[in-house]
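[1] What follows is a predicted protein model with its sequence.
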Amino acid sequence: MDAAIDVEGERPYQVLVGRDLLDRLPGMLPGAAQVAVVFAGPVRELADRVGEKLRGQGIGVLPIEVPDAEAAKTVEVAGRCWDALGGAAFTRTDAVVGVGGGAVTDLAGYVAASWLRGVRWVPVATSLLGMVDAAVGGKTGINIAAGKNLVGAFHPPAGVVCDLGSLDSLPREDLVAGLAEVVKCGFIADPAILELIEADPAAAADPTAAVLRQLIERAVRVKAHVVANDLRESGLREVLNYGHTLAHAIEKVEGYRWRHGHAVSVGLVFAAALGRRSGRLDEATADRHRAVLTRLGLPVAYTGSPWPDLLAAMRVDKKARGARLRFVVLEGLGQPSILDGPSDELLSECYREVAA
């Protein structure tokens, strides 16, 4: 049975989780005369099926192919999308659908947010990362030379489609990488996620298993609860950045060749060390981070770049406040808090644990 998870707030919408969901897509965009379908090459077949469903309801379709993965999230690619919308005379009643992983849906959402100061959009997430993270919450954006996701907008979608059939053909390494965001949700809000993974790590990474579906639904519900109460990251929503400050720095210094989920996995181990060394987190819960991630086959160490380069990258992270770095840390399982302005010495000590 399909799950429909409500995301409340100033612009409520639903996240659909299940299989064979494309018939539900046109109903999310009533009144649209045209829809731009933004997609990357690897999901062309699915994008074609999305176009067929829309045309079947009398909606004009403008296909826009973009580069795959983080190569899509550039000013130049966004500019090409805007030019395509302008050439097709897109109006405020028209819409954008992003078909792909988290990078493509981030781009599609930002194109929709900025076109005519905001048109409707729907992400059709094809990766685990896209389903549990990028597609939910209304954060859209692109990367620039200074850092990841520094240009963007808060622009909630009209709905989200998480068709689990897309995971059947997803490369295993990509699926496992997406589980890092699921693990994050377990530590900040829903410990049952960790128990499910620990009980059967293999099923957690099996797209046909009921366990993975349950993990996806639980992770989406965690994020839905947070963003419903704090769309624009003025307080509560910051907890979703657990593990992400170092993760984004790794991605930047690696030229976005690291998978986001792999960087988040290392970032979670770093955040756990930071919580423990700052006296907030108990030893057992800190150690549990490394244990859970290791059982899934995710990386828990990083030695690719010098620490000063990573520290410099973190200082331009969007979570920083002036010259002060801010980190989400745990005070216990499901108890996130903010560590504001930790010393460089403390950060260096924690990094040595990751680099060991």
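    That came through, no problem. It should be emphasised that the depicted structure is a prediction, and the values quoted were computed from it without experimental measurement. Numbers count the residues shown, from 1 in each chain.

[2] which is the next helix or strand following the one helix or strand Gly267 maps to?
    With the criterion set as DSSP states H and E, the secondary-structure element containing Gly267 is helix 260-277. Elements were assigned by DSSP H and E; along the chain past helix 260-277, the next helix or strand is helix 283-295.

[3] Packing partners of that following helix?
    In terms of contacts (3 or more C-beta pairs under 8 Å, 6 or more residues apart in numbering; DSSP states H and E), helix 283-295 is packed against helix 172-188, helix 191-199, helix 260-277. No exception for glycine: its C-beta is placed from N, CA and C like everyone else's.

[4] Quick check: which helices or strands does the first one pack against?
    Using 3+ C-beta pairs under 8 Å, 6+ apart, the elements in contact with helix 172-188 are helix 128-129, helix 191-199, helix 210-229, helix 260-277, helix 283-295, strand 326-330.

[5] cool, and the longest one?
    Helix 260-277 sits against helix 172-188, helix 244-253, helix 283-295, strand 326-330, helix 344-355, with contacts defined as 3+ C-beta pairs under 8 Å, 6+ apart.

[6] The second one now?
    Helices and strands touching helix 191-199, by 3+ C-beta pairs under 8 Å, 6+ apart, are helix 172-188, helix 210-229, helix 283-295.

[7] please redo it, this time with the cut-off set to 10 Å
    Helices and strands touching helix 191-199, by 3 or more C-beta pairs under 10 Å, 6 or more residues apart in numbering; DSSP states H and E, are helix 172-188, helix 201-204, helix 210-229, helix 283-295.

[8] In a markdown table: the helices and strands packed on helix 283-295, plus mean pLDDT and mean neighbour count.
    A markdown table is the format used below for the helices and strands packed on helix 283-295 (pLDDT from 0 to 100; neighbours: other C-beta atoms under 10 Å):
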| stretch | mean pLDDT | mean neighbour count |
| --- | --- | --- |
| helix 172-188 | 96 | 24 |
| helix 191-199 | 98 | 17 |
| helix 260-277 | 97 | 26 |
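
[9] With distance to Leu150 as extra columns, can I get those in CSV?
    Converted to CSV, these look like this (distance: least, C-beta to C-beta, whole Å):
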stretch, distance to Leu150
helix 172-188, 20
helix 191-199, 30
helix 260-277, 15
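
[10] could you redo the helices and strands packed on helix 260-277 as a markdown table and give each row distance to Arg11?
    Shown next, in a markdown table, are the helices and strands packed on helix 260-277 (distance: least, C-beta to C-beta, whole Å):
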| stretch | distance to Arg11 |
| --- | --- |
| helix 172-188 | 22 |
| helix 244-253 | 24 |
| helix 283-295 | 34 |
| strand 326-330 | 25 |
| helix 344-355 | 37 |
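
[11] Minimum distance to Trp307: which of those has it?
    With distances scored as C-beta to C-beta, the stretch of the helices and strands packed on helix 260-277 nearest to Trp307 is helix 344-355 (5.3 Å).

[12] Now do that closest one and strand 326-330, the angle between them.
    Helix 344-355 and strand 326-330 meet at an angle of 60 degrees, taking axes from the mean of the first three to the mean of the last three C-alpha atoms, to 10 degrees as the criterion.

[13] follow-up on the earlier one: out of the helices and strands packed on helix 283-295, which comes closest to Pro308?
    Of all those, the one in closest proximity to Pro308, counting by C-beta to C-beta, is helix 260-277 (15.7 Å).

[14] Thank you kindly, that will do.
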